[in-house]
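1. sequence first, then the predicted structure:
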Amino acid sequence: MQFTESNKGSTIMRATQGIEFKPLIKTLVERNAVGMIVAPAKAKKSMLALNLVFSLLTKKPFLGLPVSEEQDKIVYVNLELTKTALGVRLRTMNTFYNATPKQLDNVMFLSSDEFCKGEALVDTKTQKVNQEPFNALAEAAKNWGATVIIFDPLYYVVGEENDNVLMTAVFASSENCEPN
C-alpha cells in the first residue's frame, strides 16, 4: 500500500469543493443517505428511530444534534407493531415532543401488511429481494413528496437483521426508494 497525493485530506477537500453537504442531522446523517441502526435485540432501536421521526417533525435536536430546518415528510414502514400499539407509543413520546397535528400530518405510517402485502421481502435461500414493495413505496413516496423513509425493524421480513449479505441486498433495493 502506498499513500499518494490523492489520499491527502486537502486533495479530497479540493476535489469535493463544489459538492453541497445537505445534512438531515448536522454532522451525522446527510440527505439521500442510506444507513442502519445496529444494536443487539431489545436495545431500543425502534425508540431511537421514533425519536428521529419526532425530531425531524418538531425540529428539536436528535441526540443533542441539530436537525435540518427544511420541512420533512417522512414515511415510516413499521414492520413490527400494530397501528394501535404504535399509536400508544407515539402518544407517549409526544408528551415530550409536543408535535402539532399539522406536524404529525407530515409522517405516514405503513404496516408490514401494507408494505409487503403478506409476501416475503427477501428469499433467504437465493438472497433475491422482492422488488415490488420497494417500487410501490418509491412511487407512493414520490407522489406524496416524502423526503425520508425509515424501515423498522427489518428482521421481521429479512429474518436476520445482522446478516450482512441479506442486508446488503435489501439496501441495494432500498436505494431505488429515493423519493426526491
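-> Great, that's in hand.
2. quick check: which element contains residue 57?
-> Secondary structure assignment for residue 57, by DSSP states H and E: helix 45-58.
3. which residues does that helix contact?
-> 24-25, 37, 39, 60-63, 67-68, 72, 74, 76, 80-81, 89-90, 93-94, 96-99, 103-104, 106-107, 148, 150, 152-153 (C-beta atoms under 8 Å, 6 or more residues apart in numbering). No exception for glycine: its C-beta is placed from N, CA and C like everyone else's.
4. buried subset of these, written for PyMOL?
-> The buried residues among the contacts of helix 45-58 can be selected in PyMOL (16 or more other C-beta atoms under 10 Å) with this line:
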select buried, resi 24+25+62+67+68+72+74+76+81+90+94+97+99+103+106+107+148+150+152+153
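5. which ones among the contacts of helix 45-58 are found in helices?
-> Under the assignment DSSP state H, those contribute 89-90, 93-94, 96-97, 103-104 to helices.
6. which of those sit farthest apart?
-> Farthest pair in the ones in helices among the contacts of helix 45-58 (C-beta to C-beta) is 89 and 103. Separation: 16.9 Å.
7. still on that earlier bit, can I get the ones in helices among the contacts of helix 45-58 in TSV with distance to residue 123?
-> As requested, the ones in helices among the contacts of helix 45-58 are arranged in TSV below (distance: C-beta to C-beta, whole Å):
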residue	distance to residue 123
89	31
90	33
93	35
94	38
96	41
97	39
103	39
104	36
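8. any idea how far the spatially closest residue to residue 103 that is not a sequence neighbour lies from residue 82?
-> Distance criterion C-beta to C-beta, 6 or more residues apart in numbering; nearest residue to residue 103, sequence neighbours excluded, is residue 57 at 4.5 Å. To residue 82, residue 57 is 22 Å away according to C-beta to C-beta, to the nearest Å.
9. before we move on, what about residue 11?
-> According to C-beta to C-beta, residue 11 and residue 82 sit 53 Å apart.
10. equivalent analysis for residue 99, please.
-> Remark: distance between residue 99 and residue 82 (C-beta to C-beta) = 21 Å.
11. perfect, that will be all.
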